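Asker: Sharing a model that was predicted from the sequence below.
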Amino acid sequence: MSVLGKKSTGEKIFDVFNIVLMCLLTMAFLYPVLNVLAISLSASSPVLRGEVTFFPRRPTVKAYENIFTNKYIWRSYGNTIFVAIVGCVLGLIMSSLAAYPMAFGDFYGKQVYSFMILFTMWFSGGLIPTYLVMRKLKLLNTYWALIFNFLAPAYYIIILRSFFVGIPISLIESAKLDGANDFVCLTRIVLPVSKPVLATVALWFIVGHWNSFLPAIMYLNDRNKYTLQVVLHDIVLQASGKLYDIDAAVHAGEGSMVIPQQIQNAVIFVSLIPMLIIYPFLQQYFVKGVMIGSVKG
Amino acid sequence: MEVTGVERQKKISQPKVNHKKVRAKIWADRYMYLMILPVVIYFVLFHYWPMLWLRIAFYDYKILKGFEGSKFVGLKHFKSFIQSPDFLNIIWNTLYLNLLSLAFAFPAPIVFALLLNELAAGKFKKTVQTISYLPHFLSMVVVVSMIKNILSPSIGIVNSIMKNMGMEEIYFLGEAKYFRPIMIISGIWQEMGWGSIIYLSALSGIDPELYEAAVMDGAGRFKQVIYITLPGIAQTIIVMLILRIGTLLSVGFEKVYLMQNAYNLSVSEVISTYVYKRGMINNNYSLATAVGMFNGIISLILVSLANSLSRKYTEISLI
């Protein structure tokens, strides 16, 4: 729309200013991530002198050698992948089951049913009562606590419902005349045409589980069951790498010392890899999801 | 007499007919009910059962003794929370952090979307957008670790720039006065790009003919922004603003908790971290639940207020 008409000098100056500003912002968005990578790959002396910014200085992979042999990090990685995948699959199933009756149902109690779901967006039992329920159900120190804690958020159900509402109801009615029940309609008609929104919600589940920290510190107390964010927190922010047999001093040799900062940043970067791979390819789905969410049915 | 008799007959027989119809309808919808069954069980167990547990706020709840062994104390925990010296402080910390974020972090994605909109469509614009979403995908643990890197007196870029300019180095995380600016600036960094999506989609919905007409009238780009672009997204801005009101008394737990240390506790203790510490660390479940419930009820009032405001001014009900 800015190509219409001739540009005045002021507008040209603005364009240049805008492009420069956007370049600076892009650098600001990227800097912390590049900095993590650069520190993890640099030798210790440039790190300690504060010389490492965008790019590694005197590159070395010592920090990575150090953590790749660490069983706690691998295990927490595996644990997180397990929770993310199981949580995502079960979450998708439960959210679809919840959304279909809201979109196509015309049954007694539908109002109550919808209210039951929507009300949880406004009010919840909160931290401690939820914890006590998990305790009562004997789910403490199991992954089920993490999965049930984030199984069918009302917001995701609404997103799915908004998408389902756009599917012609005649498709479902004619299938029912052919003797199909609602489960068949959901799996054979609704879900196949809802791939974009299912992809969006699936990714929200995966990213949500991957990044979640509070439920993990609340519900897990066995170091072998910890998820990645807990281990990351202990190593980086509590500087208690010793808990996980990460001890920089052990690997300190002549002139090739590995300092905590290198190891910490290597762990951060390793934890980021799946997100960095996922997000550029799939951000379009996320963007679509935000837009579906903004157009409430 | 006859009429009333017929009427009476109707009154008696009507429910019978309805009853049959109802049963037939329920039977016809049996798969629907089967479908909502697991959902209802899940919501009852994991959302509504915890709400029942809120009653421990009125007991001196002992986890090993259950309700039978615990004493009913009425509003004791609410009173002791409101009368405690922490009360005003943590409410203020929570509210102030939100007000600062409303003043600075709320407009950031709007400005960013407007500036992006002024870029010619193409690779550059797409790249900037894609990169701007990146921080949204990072966990709070990672974000706080990055803040620690950047602000570190020994290895961080901020202090090394300051040293080059001849200034004293500062341990930013060790001083309470820097806590709020760090929270807000990093919050803008995290959500500016992602938050702009909704405004960009509103911007793409503006009729291009409006701009053409404005150019005919000799309006420059600045005037186009003021008279066409901004009014075009005003509705979206208002809805987002109203939504934000509902969350004025809630601050996400994770980032604040991870940023907290002994030096900044006076400004960084918010409701959610207070609840966590009282409940999960001190095992004072009843007090923690009372505080959480207090917060939940105020938030519920704020959200209902926001919803009715929205219904009134934008004809959009948020739920």
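Answerer: Received it, and whenever you're ready, just let me know what you need. Being a predicted model, the structure only gives us computed values, none of them experimental.
Asker: tell me the contacts of the residue nearest in space to the middle of chain A?
Answerer: Central residue of chain A (C-alpha atoms, centre = their mean): A:Val207, 1.5 Å from the mean position. Contacts for A:Val207 were tallied using C-beta atoms under 8 Å, 6 or more residues apart in numbering or on different chains; they are A:275, A:278, B:137. Where you see a C-beta, it was placed from the backbone N, CA and C, and this is true even at glycine.
Asker: Confirm that it sits in a strand.
Answerer: No - counting by DSSP: H, G, I helix; E, B strand; the rest coil, A:Val207 is not part of a strand but helix.
Asker: Which pLDDT value does the model give it?
Answerer: pLDDT, A:Val207: 90.
Asker: how close does it get to B:Ser186?
Answerer: Distance of A:Val207 to B:Ser186, given as C-beta to C-beta, to the nearest Å: 19 Å.
Asker: Point to the helix or strand of chain B where mean pLDDT is at its lowest.
Answerer: Every helix and strand of chain B was ranked by mean pLDDT, DSSP states H and E. The lowest is helix B:2-28, at a mean of 66.
Asker: What about B:Trp309, how many residues nearby?
Answerer: Not Trp; residue B:309 is Leu. Neighbour count for B:Leu309, taken as other C-beta atoms under 10 Å in any protein chain shown: 16.
Asker: What spatial separation is found between it and B:Ile242?
Answerer: On the measure of C-beta to C-beta, B:Leu309 and B:Ile242 end up 5 Å apart.
Asker: What is the neighbour count of whatever residue of the stretch 201-319 of chain B ends up closest to chain A?
Answerer: Using C-beta to the nearest C-beta, B:Gly292 is the residue of the stretch 201-319 of chain B that sits closest to chain A, at 3.7 Å. By other C-beta under 10 Å, 26 other residues sit near B:Gly292.
Asker: I'd say it and A:Thr130 touch.
Answerer: No - using C-beta atoms under 8 Å as the test, B:Gly292 is too far from A:Thr130 to be in contact (9.8 Å).
Asker: Flag the shaky bits of the chain, pLDDT-wise.
Answerer: Here I'm looking at chain A. A:1-6, A:240-243, A:245-257, A:289-297 (pLDDT under 70).
Asker: um, chain B though
Answerer: B:1-17, B:314-319.
Asker: quick one, longest helix in it?
Answerer: Criterion DSSP state H: the longest helix present in chain B is helix B:285-314.
Asker: Buried residues of that one, list them for me.
Answerer: Applying a neighbour-count criterion of 16 or more other C-beta atoms under 10 Å in any protein chain shown, one finds B:285-296, B:299, B:302-303, B:306-307, B:309-310 buried in helix B:285-314.
Asker: which helices and strands sit right next to it?
Answerer: With contacts taken as 3 or more C-beta pairs under 8 Å, 6 or more residues apart in numbering or on different chains; DSSP states H and E, helix B:285-314 sits against helix A:110-122, helix A:127-136, helix B:76-83, helix B:230-245, helix B:271-276.
Asker: do you know which of those lies nearest A:Leu186?
Answerer: Between A:Leu186 and those, the shortest gap by C-beta to C-beta is with helix A:110-122, which sits at 15.9 Å.
Asker: Specify the angle between the closest one and helix B:285-314 in degrees.
Answerer: Calculated by axes from the mean of the first three to the mean of the last three C-alpha atoms, to 10 degrees, helix A:110-122 forms an angle of 110 degrees with helix B:285-314.
Asker: quick one, what contacts A:Tyr285?
Answerer: By C-beta under 8 Å, 6+ apart, A:Tyr285 lies in contact with A:196, A:199-200, A:203.
Asker: what angle separates the helix or strand encompassing it from helix B:230-245?
Answerer: A:Tyr285 belongs to helix A:260-294 when elements are defined using DSSP states H and E. Orientation note: helix A:260-294 sits at an angle of 110 degrees relative to helix B:230-245 (the same axes, to 10 degrees).
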